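Student: Build me a structure from this.
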Amino acid sequence: MADKPMIRAFFDEPTNTVSYLVADQATKQAAVIDPVLDYDHKSGQVDTRSVETILNAAKELGLTLAWALETHAHADHLSGAPYIKAKTGAQIGIGEHIKDVQRIFRPIFNATDLKTDGSDFDHLFRDGERFNIGELSVEILHTPGHTPADISYKIEDAVFVGDTLFMPDYGTARADFPGGDAHQLYRSIKRLLALPAATRLFMCHDYKAPGRDAYAWETTVQEQRDKNVHVGGGKTEAEFVAMRTSRDATLSAPTLLLPSIQVNIRAGAFPPAEDNGVRYLRIPVTFKADRKANALPA
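Tutor: Residues are numbered from 1 along each chain as shown. Next comes the predicted model:
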């Protein structure tokens, strides 16, 4: 086994997102997981300061970025992966079931330009697929439920779980987005918790559970088994699904849901410019009485 990966976390408080710089210390090959593009929803202005912070750290450490890896098509922030690719040549990777997510959302946004074959991404990972970052071994775990396309990246003794799990005192991800499924989410979590007890788990978000003073994003399989407030202590699938369904019904839509989804299903690209040279993000408007089963969460 190679040395443990070097891991640096970058927390974006406006979206409560954790991005990771993961490197092989021997070869200096590296990847960025779930990078954030700074987007001001009120003005429509985009900034790259968060991505630049990661790129500067990689440069200072003498790293070569080979990958910009997404755990799924995020609904709470826009992806900074295209900027990383433009600056470094890194490939953008995501799970192969992004094709399902594209098919779900193409009609919602009437995104007639959007291909639904995943070809906007450089690589679509299959469950069980393995690749290397330098000498680090990476295994893909398909962990659907939050969305159909969620994957976790197991890099040596560390697993980057995306939105499948949160810290033990906060619980688990919602499963009410189109294509989400609480039963699948439970089974994905159980797959992660079947890993060796000392396996390190790295979250994509933290919302600082009540009573906790500081943000946190690293835990272990054993801590999640014992203490996760939603699935720990032997909760059954039926108990989890009942809790998750009830809880999800009370949650409001993420602030950046609409811009995030239509950008992230395009591998972080914005919709094509219109004939005036301006790019626009669409906001589907639905009346409550006409809302369909597959509509976005209210």
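
Student: Run through who's touching the helix or strand hosting Phe131.
Tutor: Element membership of Phe131, judged by DSSP states H and E, is strand 130-133. Contacts with strand 130-133, where a contact means C-beta atoms under 8 Å, 6 or more residues apart in numbering, come from 5, 22-24, 29-31, 66-67, 137-140, 155. Where C-beta positions appear, they are placed from N, C-alpha and C, glycine not excepted.

Student: Which is the succeeding secondary structure element to that strand?
Tutor: Scanning forward in sequence from strand 130-133 by DSSP H and E, the next helix or strand is strand 136-142.

Student: Which helix or which strand is home to Arg244?
Tutor: With DSSP H and E as criterion, Arg244 is part of helix 237-248.

Student: for that helix, packing partners?
Tutor: Helices and strands touching helix 237-248, by 3 or more C-beta pairs under 8 Å, 6 or more residues apart in numbering; DSSP states H and E, are helix 182-193.

Student: angle of the helix it packs on against strand 136-142?
Tutor: 150 degrees (axes from the mean of the first three to the mean of the last three C-alpha atoms, to 10 degrees).

Student: What strands flank the helix or strand following helix 182-193, and is each parallel or antiparallel?
Tutor: Remark: after helix 182-193, the chain's next helix or strand is strand 200-202, criterion DSSP H and E. When pairing is defined by DSSP bridges, strand 200-202 lines up against strand 158-160 (parallel), strand 218-220 (antiparallel).

Student: most neighbours per residue, which of those strands?
Tutor: Burial of the strands paired with strand 200-202 is given as mean neighbour count (mean count of other C-beta atoms under 10 Å); strand 158-160 ranks first at a mean of 22.

Student: low pLDDT regions in the stretch 101-250 of the chain?
Tutor: Scanning the stretch 101-250 of the chain for pLDDT under 70 picks out nothing.

Student: Give the bridge partners for Arg8, please.
Tutor: Bridge pairing for Arg8 - DSSP bridges - gives Leu21.

Student: so how far is Phe121 from it?
Tutor: Taking C-beta to C-beta, to the nearest Å as the measure, Arg8 falls 24 Å from Phe121.

Student: So for the two, which residue has more residues nearby?
Tutor: Neighbours around Arg8 and Phe121, counted as other C-beta atoms under 10 Å, are more numerous at Phe121. The numbers are 23 against 16.

Student: Which residue, other than its chain neighbours, is closest to that one?
Tutor: Among residues not flanking Phe121 along the chain, Ala267 sits closest, at 4.7 Å (C-beta to C-beta, 6 or more residues apart in numbering).

Student: Helix, strand, or coil at the one you found?
Tutor: On the three-state scheme (DSSP: H, G, I helix; E, B strand; the rest coil), Ala267 is labelled coil.

Student: just Ile261 next, same as before
Tutor: Applying three-state DSSP: Ile261 is helix.

Student: try Glu223
Tutor: On the three-state scheme (three-state DSSP), Glu223 is labelled helix.

Student: my guess is it contacts Pro168, does it?
Tutor: Yes - the criterion here is C-beta atoms under 8 Å, and Glu223 meets it with Pro168 at 5.5 Å.

Student: Counting neighbours, what do you get for the nearest residue to Ala197 once chain neighbours are set aside?
Tutor: Excluding the flanking residues, the one nearest Ala197 by C-beta to C-beta, 6+ apart is Gln222, at 4.0 Å. Using other C-beta under 10 Å, Gln222 is surrounded by 14 other residues.

Student: That's all I had, so thanks and see you.
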